[in-house]
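Asker: What shape does this take:
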Amino acid sequence: MITRLPRACLRRSGAYRWKRELYYNPLFSSQFSTSCIILHSNIGPFRYSQALSRGRDSKNDKLPKSDSEAKKAPLSENESSKQKELQSHKQTLKKNSERKKDEENTDGSKAFFKPSSNNTKNEKEQANDSSKLDSSEKKKDSSKNAIPEIYPQLLALPIVRRPLFPGFYKAIVTKDPSVSEAIKELIKKRQPYIGAFLHKDENADTDVITDINQVYPVGVFAQITSIFPTKNAGETALTAVLYPHRRIRITELLPPKYLTNATADIKEAKQVGESKELTIDDKSEDSSDVESTASMLQDYNVSVVNVENVHNLPFSRQNPVIKALAGEIMSTFKEIATLSHIFREQIANFSISQGTNNVFDEPARLADFTAAVCSTAHQDLQGVLEAQNIEERLEKALIILKQELTNAQLQSKISRDVEQKLSQRQKEFILMEQMKGIKRELGHDDPKESLVNEFKRRSEESDMPEHVMKVFKDELSKFQHLEPMAAEYNVTRNYLDWITQLPWGKKSAENFDIQHARSILDRDHYGLKDVKDRILELVAVGKLRGTMQGRIICLVGPPGVGKTSVGKSIASALHREFFRFSVGGLTDVAEIKGHRRTYIGAMPGKIVQALKKVQTENPLILIDEIDKVGKSHQGDPHSALLELLDSEQNSAFLDHYMDMTLDVSSALFVCTANTIDTIPPPLLDRMEVIEVSGYVEAEKLHIARDYLIPQTKINCGLKDANVSISDDAIRGLIQFFCHESGVRNLKKSIEKIFRKTSYQIVEKIGDKKETNVQEAQQNSHKKKEDEAEATDQADTSSVAPLSVPKDMKVNIDEKDLINYLGPPIHTSPRLYDTTPAGVVMGLAWTPMGGVPMYVETIVKNLLSTTSAPSLERTGQLGDVMKESSELSYSFSKSFLFKNFPNNKFFEHARLHMHCPEGSISKDGPSAGITMATSLLSLALSMPVPATTAMTGELTLTGKVLRIGGLREKAVAAKLSGVKEIMFPKGNIADWEQLPDYVKEGLTGVPVEWYDDVFKRIFPHVNAEECNNLWPTLTASASS
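Answerer: Reported below is the predicted structural model:
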């Protein structure tokens, strides 16, 4: 399998230009440029990003102390001699390294890396900072990030099934606790290097090499780029991501007693971000020694080996044999690509990694890639790894690739043979059908007899009630005597088909587990505590009774609050089958009770169709939009629902098409509605109403963040993209674009944001044409005998999704909403920061939720002794609100005369009362105290606090009556910045049931009489000032 992952360091070769991105590797102490590489893994795909994120946990680990600071143990004579041999070996390798460096400089194959502008800027800043350091500090910092060329003693890990190849990542799993701890110790000491050697036994399950003959001698020197715990593999299991750097050979497997404290000098280092060689000859102050692996692993039961580097034998890139082998490999790859889409993707990735460079310049790299992507015997792959002669390595890789080509051709041939067999079967089927028609014409076969046998078989398998069985036998007997050309033949056949396909006596096993039901409801919905509690109560009753038979529930609430999805969750919690149909706008009774069989195209009603589809007698049937049923000359569907939704009658429900009684009492009916005002009282009386209130801002925030945004990212193709919406942006969406109580518009707005984000990302990185498109064009020019094969491949191929780079980050904040959604749709619900006299904020309930509703009253003319009092009302007020305004006007006159008898305001004032947003119809009784307060505020010339809102129905005697929708009104008040809300004392129980996050910041004031309202609103009223407020009424003033 091919996976594209970031690599932790640059290869020292000028033949490749890699696509780069930045991340912080916890193994090092600075930011590195990374490359896009190809990984061949036997363990399947894994999330390398998770590995990196887990690796970051170690970034705060302390760096290992230098050798000059560490205390060294005294060496024995034997160890001293080993040290001398090691130093001699180092000097030899140093000379070889210098000679290799000169050869590479001559060939012009230095490591190439072109940093981006941001990286260049960062490097300049770091260069300025580092110029302040002395030379010794620079060398010490460089040595920390170096990859040692000489590593005398190395932790050895056996791997199975296939070897690792330099330049290709691999994830391995270690189960041995000692090995896992040793790896952690290596990373802690900033020496994350191990040797990986292929085990000769493919079924071996060990992390320790006990005998040098257990593994092949040639392996790879690999760097541990990250580690993380392995799930479902034990507490000590560890997954390590390895990046092989070069080939190495085991020279000795060291027993524990021979482990020394020797150190290895860094002879050659590959710096990240630039190509340098760091050579340290002696242990001076400027040298940086790597602590011996053996000295760190003395306390661990692991395998430590002595190794030596395996170098490629010198070769010439102009060698005709090497060129021919490389060309043949590339040709074979092209052949395989036409047969296998998997290889096509692998080659595409490798081609991208090559950039504009010639693949023939790196034959060793080509051979390694060939072995890495092929699936063959591990001995053959090991042979490629061990080959030092490039010509020999290419030859072995070509043999492996040819085997892969043979397998691909065989697979393609098998696929074609299967398709031909299927085509042959299709041809046989057509001929058989024609033969049946011929026999039917000759009278050799009676299809009616086959239908009769099928109907009898179905009836025997079902548990039909006695009255149904009687009808079935009568209809079947009549069907047997009908001729196929008769008018009633098809009618009777369809009727028998419906009877025999209904689930007579079949019921699904119900689940009344309270914890299971609660987990399902919490998984699918956030909030809705009252609704969930009511549903769990029904489940508990069903558990005690053993059934939920006879339950008819009606969920009432604003659009988009999840009524339909709650019904689905109930069905999932009870393990019942789910069927939904909508009756919104339904005007035909036949949709519920079916058509008579005598009509052409007659069908059963929705209930019978539901039973046939779910194949069980106890499903959950959701009847959506029951408040929007219409009426016509075809009848009133509400009347048809009376029989269906009556638990005393639905055990004998009569469908007109079936013309027999059906027992649907086992079904659980759940209805949904936005309001109960349009539901006929007889029908409403048959249902148990559960109110589903709207969501407050905090609930919408959680729903958007935890439910809507993750699902929308998947739907828009941004699942793995680094795109996020901040909480402030979500709040801005709720406040200025989505005022409804539900979350449907919120979901639409989020989808719009992600669609525009997807467009911007695709426009920025450009459309990438897939390699298979070009190959399909080439195949179109082949000979005629290959056209069928090319057509099959074109049909099965598909365009791969566009991969979004990890470094492309899009963070959407509140200020960005205008770029995605345009200007805000809604402004602040508060019209006044400081309300004048005569203006009061009321609260209203709508099917969309609660809203603030201001009541404004002004004096139309100057007061005079000749002016006649009057009250004008505007704002599309309904009949109930008009009556409330008349009542409030009369009560205000009485209240003012009783408390302030000398105030003659209402005797001469011509008033105009208005409710803003005149295009919206308004009605309801709960504005009584609001209107009375508006009138008295104007009469006393005393403004009402802008942060106070009120709701309540008023009587002529000043009694404040109970209202509905207090939760929605409280939510609207909170969104409007209200600090104090006044409501009838009869609603105090509703106030106590409100969630704390709704009541937070709100002061609830229950009132029973209007005197309580007046004293709370105007606590410091001066009776003398109010009586003398209008002392002079000039007769000359215009009336």
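Asker: Strand partners (parallel or antiparallel) of the longest strand seen in the chain?
Answerer: The longest strand of the chain (DSSP state E) is strand 238-254. Paired strands of strand 238-254, with direction, are strand 170-174 (antiparallel), strand 218-229 (antiparallel), strand 304-309 (antiparallel) (DSSP bridges).
Asker: I'd like the average pLDDT over the last one.
Answerer: What strand 304-309 shows for mean pLDDT is 87.
Asker: Which SSE is immediately downstream of it?
Answerer: helix 320-339 (DSSP states H and E).
Asker: Tyr526 and Tyr707 touch, don't they?
Answerer: Yes: using CB atoms under 8 Å, Tyr526 is in contact with Tyr707, at 6.9 Å. C-beta: built from backbone N, CA, C; applies to glycine.
Asker: higher neighbour count, those two?
Answerer: Tyr526 (18 against 15; other CB atoms under 10 Å).
Asker: Please list all residues in contact with that one.
Answerer: Contact analysis of Tyr526 by CB atoms under 8 Å, 6 or more residues apart in numbering lists Glu699, His702, Ile703, Asp706, Tyr707.
Asker: Would you write a ChimeraX line that selects the buried entries of the residues you listed?
Answerer: A single ChimeraX command suffices to select whichever of the contacts of Tyr526 are buried according to 16 or more other CB atoms under 10 Å:
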select :699,703
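Asker: Return the subset of the contacts of Tyr526 lying in helices.
Answerer: Secondary structure of the contacts of Tyr526 is defined by DSSP state H; positions in helices are Glu699, His702, Ile703.
Asker: Tell me who's in contact with the first one.
Answerer: What that stands for is Glu699. Taking CB under 8 Å, 6+ apart as the test, what Glu699 contacts is Tyr526, Gly527.
Asker: How much space separates it from Asp706?
Answerer: Remark: distance between Glu699 and Asp706 (CB to CB, to the nearest Å) = 11 Å.
Asker: follow-up on the earlier one: okay, the contacts of Tyr526 in CSV with distance to Ala652 next?
Answerer: Output for those, formatted as CSV (distance: CB to CB, whole Å):
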residue, distance to Ala652
Glu699, 44
His702, 47
Ile703, 43
Asp706, 46
Tyr707, 43
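Asker: Asp524 reaches Ala571, doesn't it?
Answerer: No: the criterion here is CB under 8 Å, and Asp524 misses it with Ala571 at 11.0 Å.
Asker: Settle it for me: which of those two has more neighbours?
Answerer: The neighbour count for Asp524 versus Ala571, taken as other CB under 10 Å, is higher for Ala571 (22 against 17).
Asker: list the contacts for that one?
Answerer: Glu577, Phe578, Pro619, Leu620, Leu668.
Asker: Remind me which helix or strand it belongs to.
Answerer: helix 563-574.
Asker: Could you give the average pLDDT over that helix?
Answerer: pLDDT averaged over helix 563-574 gives 90.
Asker: same check, this time on stretch 250-260
Answerer: pLDDT averaged over stretch 250-260 gives 69.
Asker: Next one: Cys554, what pLDDT does it get?
Answerer: Looking at Cys554, its pLDDT stands at 92.
Asker: cool, Lys90 as well?
Answerer: pLDDT recorded at Lys90 is 55.
Asker: Likewise for the one 4 residues further on?
Answerer: According to the model's per-residue confidence, Lys94 sits at a pLDDT of 57.
Asker: what's the answer for the one 5 residues further on, then?
Answerer: For Arg99, the model assigns a pLDDT of 54.
Asker: domain ranges for this protein?
Answerer: 2-63+87-309, 320-398, 447-501, 514-691, 697-767+802-821, 839-1027 (automatic domain parsing).
Asker: I'd like those domains written out as TSV, with distance to Ile438 added.
Answerer: Below are these laid out as TSV (distance: least, CB to CB, whole Å):
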stretch	distance to Ile438
domain 2-63+87-309	55
domain 320-398	44
domain 447-501	13
domain 514-691	31
domain 697-767+802-821	53
domain 839-1027	65
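Asker: If you average pLDDT over each of the ones you listed, which is lowest?
Answerer: Among those, domain 2-63+87-309 scores lowest, at a mean of 59.
Asker: of all the ones in helices among the contacts of Tyr526, which comes closest to Val880?
Answerer: Glu699 (31.0 Å; CB to CB).
Asker: any idea how far that closest one is from Val998?
Answerer: 9 Å.
Asker: Surely Ala932 forms part of a strand?
Answerer: No: Ala932 is assigned helix when assessed by DSSP: H, G, I helix; E, B strand; the rest coil, not a strand.
Asker: Quick check: which element contains the closest residue to it other than its chain neighbours?
Answerer: Excluding its sequence neighbours, the residue lying closest to Ala932 (CB to CB, 6 or more residues apart in numbering) is Ser888, at 4.2 Å. Take DSSP H and E as the rule and Ser888 turns out to sit in helix 879-899.
Asker: what does the following helix or strand past that helix contact?
Answerer: As assigned by DSSP H and E, the chain's next helix or strand after helix 879-899 is helix 905-908. The contact list for helix 905-908 (CB under 8 Å, 6+ apart) reads 863-865, 867-869, 889, 892-893, 896, 935, 938-939, 1029-1030, 1033.
Asker: Run the chain-centre distance for helix 905-908.
Answerer: The chain centre lies 65 Å from the centre of helix 905-908; the measure is CA atoms, centre = their mean, to the nearest Å.
Asker: just checking, next helix/strand downstream of that helix?
Answerer: In N-to-C order, the element after helix 905-908 by DSSP H and E is strand 910-914.
Asker: can you state the direction angle for that next one and helix 879-899?
Answerer: Here strand 910-914 runs at an angle of 140 degrees relative to helix 879-899 (axes from the mean of the first three to the mean of the last three CA atoms, to 10 degrees).
Asker: Helices of the stretch 751-900 of the chain, start to end?
Answerer: 771-779, 787-796, 817-821, 879-899 (DSSP state H, counting those that start in this stretch).
Asker: mind listing what's buried in stretch 469-476?
Answerer: Those would be Val471, Phe472, Glu475, Leu476, for stretch 469-476 by 16+ other CB under 10 Å.
Asker: One more: stretch 667-679?
Answerer: Of the residues in stretch 667-679, Ala667, Leu668, Phe669, Val670, Cys671, Thr672, Ala673, Asn674, Ile676, Ile679 count as buried by neighbour count, 16+ other CB under 10 Å.
Asker: Kindly list the longest helix within the chain.
Answerer: Max-length helix for the chain by DSSP H is helix 390-442.
Asker: Check the offset of that helix from the chain's centre.
Answerer: 39 Å.
Asker: one step back: what about the strands paired with strand 238-254, which gets the closest to Ala909?
Answerer: The nearest among those, by CB to CB, is strand 218-229 at 78.7 Å.
Asker: Buried residues in that closest one, which are they?
Answerer: Val218, Gly219, Val220, Phe221, Ala222, Gln223, Ile224, Thr225, Ser226, Ile227, Phe228.
Asker: Spit out the contact partners of the fifth one.
Answerer: Contacts were defined as CB under 8 Å, 6+ apart; by that measure Ala222 touches Leu164, Lys170, Tyr193, Ile194, Gly195, Ala196, Leu242, Tyr243, Pro244, His245.
Asker: for the stretch 151-300 of the chain, what spans make up the helices?
Answerer: 177-188, 293-296.
Asker: Tell me which residue is most central in the protein.
Answerer: Taking CA atoms, centre = their mean as the criterion, Pro710 is the residue nearest the geometric centre of the chain, at 3.1 Å.
Asker: so which helix or strand takes in it?
Answerer: Assigned by DSSP H and E, Pro710 belongs to helix 709-715.
Asker: tell me which residues in the helix or strand following that helix are buried?
Answerer: Downstream of helix 709-715, the first helix or strand assigned by DSSP H and E is strand 722-725. Neighbour-count burial for strand 722-725, counted by 16+ other CB under 10 Å, picks out Val723, Ile725.
Asker: tell me what strand 722-725 is packed against?
Answerer: The contact analysis (3 or more CB pairs under 8 Å, 6 or more residues apart in numbering; DSSP states H and E) places strand 722-725 against helix 744-765, strand 809-812.
Asker: Paired strands for it, with orientation please.
Answerer: Per DSSP bridges, strand 722-725 is paired in its sheet with strand 809-812 (parallel).
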